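Engineer: After the sequence you'll find the predicted model.
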Amino acid sequence: MAFLHSVPAGIGPAVRRFGPSLLRLAVGATVLWFLVRRVGAAPFGDGLRAVTWQAVVAAVTLTALTTVCSAWRWRVVARALGVDIGLPAATCAYYRSLFLNSVLPGGVLGDVHRAVTHGRRAGDVARGVRAVAWERLCGQVIQAVITAVVLLTLPSPVRPALPYVLAGVAGVAGCAALVLRGAARSGRSRLTRVARAVATDLRRDLLAPGVWPQLALASVLVVAGHTATFVIAARVAGCTAPLGELVALLMVVQTAVVIPLSIGGWGPREGAAAWAFAAAGLGAATGVTVATLYAVLMLAAVAPGAGLLLGDAAHRRRGPGHSGESRGPDRAPLTMEAVRGLPGCTR
């Protein structure tokens, strides 16, 4: 107890504010350190040297298509929740978030920027944050379903254990649904309000006949585009595995990409690629090379987001009236409360 009294009074708020970010940095750095110890630095260098202009053009083209589909998915969710946004503005905002997710720790701050900025422009920050949170969650759920179907259909190192994994996930999801349903029916606690809001959003908005088919289609197209980019990276890196086996491995890697414990996207992606390729007999070094090349291609593909952010900065210097959108990007700092309201993703 004496030790607890000796801790500075401000340490608690500091831990709550910076702890999650430091944890993400630590996990990402640990994974990269382990990979360098295991396979050396050569696979990372091989991935950088394998970049070709044809691969960059293909990645930029595919990412443009997937970004438009992602923006469409976000617009569908936002309209369902009553905070509409035009497709061109949504696409530009999505490019900004993708770039920020690719260069900032955790892979989620770009989505926070997108959520808070859109919410403030729409006059309802809470709904703006909910729209982005639901959009990302819907995309991840549909990606998980597609991944399960692919891994059950095609040969992969995780196929024998997949039924047990799916059973566990189904059990956890079922328990969570029961808890939310029970909370929504009783009491006035914060959990009750959250449960009722989630139930209302799902029943009245997101599962409406005119909404969920669009969300599903957009998400399928996004997954297809990212998988195609991964296949291109694998082929350019020299991986000659059959296409079906390669797609199954890449779906495993894409599952790790959504884990918000990375350094600008680096860490879990490379670790998952090393494990998956090694388990398939293709070598951990090959997996790291493919993941490194994919990371470089994606960074080039989301570079338009950097240009948009620079344009925002120029508009702010001239004044808010010169912004290309309804108002200039909000200069208010992002809060950790907003971060906690978003599911993690690096894309």
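Structural biologist: Here it is on my side, so go on. Numbers count the residues shown, from 1 in each chain.
Engineer: So for residue 304, what's the pLDDT?
Structural biologist: Predicted confidence (pLDDT) for residue 304: 95.
Engineer: where does the nearest residue to it once chain neighbours are set aside land on pLDDT?
Structural biologist: Using C-beta to C-beta, 6 or more residues apart in numbering and skipping the chain neighbours, the partner closest in space to residue 304 is residue 95 (5.0 Å). For the C-beta atoms, the positions are set from N, CA and C on the backbone; glycine is no exception. Looking at residue 95, its pLDDT reads 96.
Engineer: Also residue 75?
Structural biologist: Here, the pLDDT recorded for residue 75 equals 95.
Engineer: My read is that it contacts residue 81, right?
Structural biologist: No. The criterion here is C-beta atoms under 8 Å, and residue 75 misses it with residue 81 at 10.9 Å.
Engineer: Give the phi and psi angles for the nearest residue to residue 103 once chain neighbours are set aside, as a check.
Structural biologist: Closest residue to residue 103 apart from its sequence neighbours, by C-beta to C-beta, 6+ apart: residue 264 at 5.0 Å. Per-residue torsions, residue 264: phi 60, psi 30 (degrees, to the nearest 10).
Engineer: do residue 50 as well
Structural biologist: Dihedral angles (degrees, to the nearest 10) for residue 50: phi -80, psi -10.
Engineer: Hmm, residue 238 and it touching each other?
Structural biologist: Yes. Here residue 50 reaches residue 238: they are 7.5 Å apart, a contact under C-beta under 8 Å.
Engineer: on that earlier part again, which residues does the residue nearest to residue 304 contact?
Structural biologist: Applying C-beta atoms under 8 Å, 6 or more residues apart in numbering, we find residue 95 in contact with 67, 302, 304-305, 308.
Engineer: can you do 6 Å?
Structural biologist: Applying C-beta atoms under 6 Å, 6 or more residues apart in numbering, one finds that residue 95 lies in contact with 67, 304-305, 308.
Engineer: Residue 219 now?
Structural biologist: 139, 142.
Engineer: From residue 245, how far off is it?
Structural biologist: According to C-beta to C-beta, to the nearest Å, residue 219 and residue 245 sit 24 Å apart.
Engineer: what's the spacing between residue 90 and residue 197?
Structural biologist: Residue 90 is 23 Å from residue 197, by C-beta to C-beta.
Engineer: more crowded one of these two?
Structural biologist: Comparing residue 90 with residue 197 by other C-beta atoms under 10 Å, the one with more neighbours is residue 90, at 24 against 13.
Engineer: mind checking the SS state of the more buried one?
Structural biologist: Following DSSP: H, G, I helix; E, B strand; the rest coil, residue 90 is assigned to helix.
Engineer: Please list all residues in contact with it.
Structural biologist: Going by C-beta under 6 Å, 6+ apart, residue 90 touches 71, 74-75.
Engineer: just checking, what packs against the helix or strand residue 130 falls within?
Structural biologist: Following DSSP states H and E, the helix or strand that holds residue 130 is helix 125-153. Contacting helix 125-153 under the criterion 3 or more C-beta pairs under 6 Å, 6 or more residues apart in numbering; DSSP states H and E are the following elements: helix 53-81, helix 109-122, helix 212-236, helix 243-257.
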